[in-house]
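Enquirer: quick one, fold the following:
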Amino acid sequence: MGANVRVGPSEDFMGSAVKLVRSTRLTPAVDYAYGAVVDAPARSLWLAGACPLDQEGRTVAVGDYEGQAHQVMRNLIAVLEESGAGIADVARTTVYVASGDQADLVKVWNVYRAYMGEHDAPSTLLGVSVLGYDEQLVEVEAVAVLP
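Expert: Sure thing, here's the model as predicted:
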């Protein structure tokens with residue numbers, strides 16, 4: 001690694017195998033790390049896109065970006081926990097928002113960031129035309145490393 005890259009765990013997540021990468025050559029004005037290094041050997045967990053579905057398979061918070069983002073993150077955390085992992089073990093995410101309006105993307109991102117807390121894993125935020133379930137506005141997929 002070059003001198004312009006700092007690799008280290010988030011301060012609150014010292015036990016995780018995921019070490020977030022921040023570059024001094026890129027702007028610090030973003031609220032996510034630019035990369036993640038996973039100490040090997042490690043078992044990885046590839047999560048399907050978490051959707052805003054309740055336990056009966058119904059889309060919740062129809063028409064509400066923030067409401068759906070909360071359900072998506074609760075569902076994502078449930079799968080992490082059932083796999084023996086947590087937010088600190090997430091190495092990367094992709095956040096999908098069914099909107100062409102940047103303000104809608106920001107609403108979802110703010111909810112997502114609140115759940116991620118200090119663990120600012122690398123992420124991509126995308127506005128897309130449509131998602132798979134009826135009335136679905138938000139989806140988050142993730143890759144995590146099992147402790």
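
Enquirer: show the model's pLDDT score for Asp39.
Expert: Note for Asp39: predicted pLDDT of 74.

Enquirer: so it makes contact with Ala91?
Expert: No: Asp39 sits out of contact with Ala91 when judged by C-beta atoms under 8 Å, with a separation of 10.9 Å. For every residue, glycine as well, the C-beta is placed using N, CA and C.

Enquirer: who has more neighbours out of those two?
Expert: More neighbours sit around Ala91 than around the other of Asp39 and Ala91, counting by other C-beta atoms under 10 Å; the figures are 23 against 10.

Enquirer: distance of that one from Gln102?
Expert: Remark: distance between Ala91 and Gln102 (C-beta to C-beta, to the nearest Å) = 26 Å.

Enquirer: over to Pro28?
Expert: From Pro28 across to Gln102, the span is 22 Å (C-beta to C-beta).

Enquirer: got a list of what Leu45 touches?
Expert: Taking C-beta atoms under 8 Å, 6 or more residues apart in numbering as the definition of contact, the neighbours of Leu45 are 80, 83, 85, 89, 143-146.

Enquirer: for Val111, same thing?
Expert: Going by C-beta under 8 Å, 6+ apart, the list of residues near Val111 reads 66, 69-70, 73.
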